[in-house]
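# I'd like to go over a predicted model; first the sequence, then the structure.
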Amino acid sequence: MSQTFLTSIKSIPFDENYHPSGNTRLTTNFANLARGENRQENLRKTLQMINNRFNSLATWDNPKGDRYSIEVSIISVDLDVEGNGKSFPTIEVLQTTIVDHKTNERIAGMPGHSFSSYVRDYDFSVLLLDHNKGQETFSVPENFGNLHGKLFKSFINSDDYKTRFNKAPAICLSVATTRTYHRTANKHPILGVEYQQNDYSLTDEYFKKMGLKVRYFMPENSTAPLAFYFSGDLLSDYTDLELISLISTMETFQKIYRPEIYNTNSVAGQCYQPSLNYQDYSLTQIVYDRDERNQLAVKQGKFTEEHFIKPYKNILEQWAASSAL
């Protein structure tokens, strides 16, 4: 990530035989799905949902809705701070491969999609909570997200990244339940109707420190807008098939994880505030333990504090202070 830090990039397939590695954050959507008695059925159904959604958006020359399928890989980035072979998992994203069964082509999708980070767990589940204990009004610590943002930008600008990927990452997450979104007249043929809001969420500000802007779009036949994070031009940097792979993969995870927003029986209106208390929604047939996920976030944040933040505090602070990113 700089000449001081050594990185290693690993890739493993996310398929029905996927087992989370020891370094994978267990709160990550795909890791949560791959546990328990129904793990293989969960994975198989999730992948089928992704394929179905992809074909529903890629309708041209696709009369039976079965032309394409998606292969998903999990990209893990480990950081060796001292160069002694002792590494810490810092970033985990996805990359898709689009399989065109009509032409027998394999088309690389962009990296990103989901975004997983132990340091983010520490920032939100340890640092932010400790900072606000006993406080009457919520506030954010000084320099909140600075280290994480510089670690991310350093990786994206590294030779390791540029050798492996030919495009910048695009990430797709749920919209914030603390914000209100307003529909605009702008409509993209793939991304759908654009929404805007006047006040960015804490997550939006956090991703801004990673060098990522945000726009909100609701694709055709979706029930709510999605938040798209990117560094360049979302509408021109990626092909239609790449954008469809991003939507189909991440909307599927959101339908499973946040059905109150993304699997509702009504569609977001002109003025929309998402809520996890909304009752008129349908559940998927996929088992997902959201309560356990929330508990694990705190455990993983404390794990990061013990094994990364505290041991390398001085090195990380000096690196962040000297970094021009």
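Received the coordinates, thanks. Numbers count the residues shown, from 1 in each chain.

# Return, as residue ranges, the portions of the stretch 201-325 of the chain with sub-threshold pLDDT.
287-295, 324-325 (pLDDT under 70).

# List the buried residues in stretch 174-182.
Residues 174-176, 179, 181 are the ones in stretch 174-182 that count as buried (16 or more other C-beta atoms under 10 Å). Using the backbone N, CA and C atoms, a C-beta is placed for each residue, glycine as well.

# For this protein, which segments count as helices?
Using DSSP state H, the helices of the chain run over 29-33, 39-57, 118-122, 128-132, 146-156, 159-164, 202-208, 240-257, 259-262, 290-304, 313-322.

# before we move on, the earlier item: filter the buried residues of stretch 174-182 down to just the ones in strands.
Among these, DSSP state E puts 174, 181 in strands.

# Nearest to residue 50 among the buried residues of stretch 174-182?
Comparing those against residue 50 with C-beta to C-beta picks out residue 174 as the nearest, at 16.7 Å.

# on that earlier part again, just give me the closest of the buried residues of stretch 174-182 to residue 198.
residue 179 (8.7 Å).

# In this structure that closest one contacts residue 203, no?
No: taking contacts as C-beta atoms under 8 Å, residue 179 lies outside contact range of residue 203: 9.7 Å.

# and residue 106, how far is that from residue 239?
14 Å (C-beta to C-beta, to the nearest Å).

# Of the two, which one has the most company?
Neighbour comparison, residue 106 and residue 239: the larger count goes to residue 239, with 15 against 10 (by other C-beta atoms under 10 Å).

# Quick check: phi and psi on that one?
Backbone dihedrals for residue 239, given as degrees, to the nearest 10, come out at phi -80, psi 170.

# Now do the same contact list for it.
For residue 239, no contacting residues are found, by C-beta atoms under 8 Å, 6 or more residues apart in numbering.

# Please apply the same query to the one 4 residues further on.
Under the criterion of C-beta under 8 Å, 6+ apart, the contact list for residue 243 reads 190-191.

# Give the burial count for residue 306, as a bare number.
Residue 306: 11 neighbours (other C-beta under 10 Å).

# Residue 300 too?
Neighbour tally, residue 300, other C-beta under 10 Å: 22.

# Skipping its backbone neighbours, what lies nearest it in space?
Take residue 300 and drop its neighbours on the chain: the residue closest to it by C-beta to C-beta, 6 or more residues apart in numbering is residue 121, 4.4 Å away.

# Next: residue 221.
residue 56 (6.6 Å).

# returning to that earlier point: can you put the helices of the chain in a markdown table and add distance to residue 190?
Listed next are the helices of the chain as a markdown table, based on distance: least, C-beta to C-beta, whole Å:
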| stretch | distance to residue 190 |
| --- | --- |
| helix 29-33 | 22 |
| helix 39-57 | 7 |
| helix 118-122 | 28 |
| helix 128-132 | 35 |
| helix 146-156 | 24 |
| helix 159-164 | 25 |
| helix 202-208 | 22 |
| helix 240-257 | 5 |
| helix 259-262 | 18 |
| helix 290-304 | 29 |
| helix 313-322 | 37 |
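
# Out of the ones you listed, flag the one nearest residue 217.
Across those, closest to residue 217 is helix 240-257 (C-beta to C-beta), at 8.6 Å.

# ok so, going back, ok, now how distant is the residue nearest to residue 300 from residue 205?
In terms of C-beta to C-beta, residue 121 sits 17 Å off from residue 205.

# More neighbours: those two, which one.
Using other C-beta under 10 Å, the more surrounded residue of residue 121 and residue 205 is residue 121, with 23 against 13.

# How many neighbouring residues does the closest residue to residue 102 other than its chain neighbours have?
Nearest residue to residue 102 in three dimensions, chain neighbours excluded: residue 67, at 5.2 Å (C-beta to C-beta, 6+ apart). The number of residues packed near residue 67 is 18, by other C-beta under 10 Å.

# what do you get for residue 302?
There are 15 residues near residue 302, going by other C-beta under 10 Å.
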